[in-house]
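Asker: got a structure for you, letters missing:
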């Protein structure tokens, strides 16, 4: 298994950090915890694991900063989510709420070949 492979849960944390970072470059644990409706200790564990894998940099009590790898990975994850959501809405005519819910599940397991075929149809 790739040491930099991350779980679906960590993918969600990484995307959240990226989206928060776009608004304010000084992302704090409390910001992540509030956005994801999790405890600060849970957010801290996830950030520590993302830091170990090279996706973020975080010193105790300091802001959380995305590495270049973290930014690239988060952008790829968000693009994947967006493609799935648009496919579900535009091709299958699902409501936005249902498409978002389904995309949240599918984004973690979909193969690139399937994603590429979806993108070709939208």
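Answerer: Sure thing, it's come through. From a predicted model like this one, the values you see are computed outputs, not experimental measurements.
Asker: Tell me which residue lies nearest the centroid of the chain.
Answerer: Residue closest to the average C-alpha location in the chain (CA atoms, centre = their mean): residue 15, at 2.6 Å.
Asker: if I pick it, what's in contact with it?
Answerer: Residues in contact with residue 15 (CB atoms under 8 Å, 6 or more residues apart in numbering) are 74, 77, 78, 81. Bear in mind the C-beta positions are built from the backbone N, C-alpha and C, glycine included.
Asker: need the helices for this protein, in chain order.
Answerer: Secondary structure of the chain (DSSP state H): helices at 8-23, 29-36, 40-52, 68-90, 96-106, 112-121.
Asker: how close does the residue of the chain positioned farthest from its centre get to residue 66?
Answerer: Ranked by distance from the centre of the chain (CA atoms, centre = their mean), the top residue is residue 93, with 24.5 Å. Separation of residue 93 from residue 66 (CB to CB, to the nearest Å): 36 Å.
Asker: for residue 114, same thing?
Answerer: Applying CB to CB to residue 114 and residue 66 gives a distance of 28 Å.
Asker: cool, residue 100 as well?
Answerer: For residue 100 relative to residue 66 (CB to CB), the value is 23 Å.
Asker: for the protein, which spans come out with low pLDDT?
Answerer: 1-4 (pLDDT under 70).
Asker: one more time with 90, if that's ok
Answerer: For the chain, the stretches with pLDDT under 90 are 1-5, 24-26, 59-62, 108.
Asker: ok, now which ones touch residue 98?
Answerer: residue 88.
Asker: State the distance from it to residue 90.
Answerer: Residue 98 is 13 Å from residue 90, by CB to CB.
Asker: quick one: common contacting residues for these two?
Answerer: Residues touching both residue 98 and residue 90 by CB under 8 Å, 6+ apart: none at all.
Asker: picking up where we left off before, quick check, nearest of the contacts of residue 15 to residue 46?
Answerer: residue 74 (13.5 Å; CB to CB).
Asker: how about the nearest residue to that closest one, chain neighbours excluded?
Answerer: Sequence neighbours aside, residue 18 is the residue nearest to residue 74 in space, at 3.5 Å (criterion: CB to CB, 6 or more residues apart in numbering).
Asker: Good, wrapping up.
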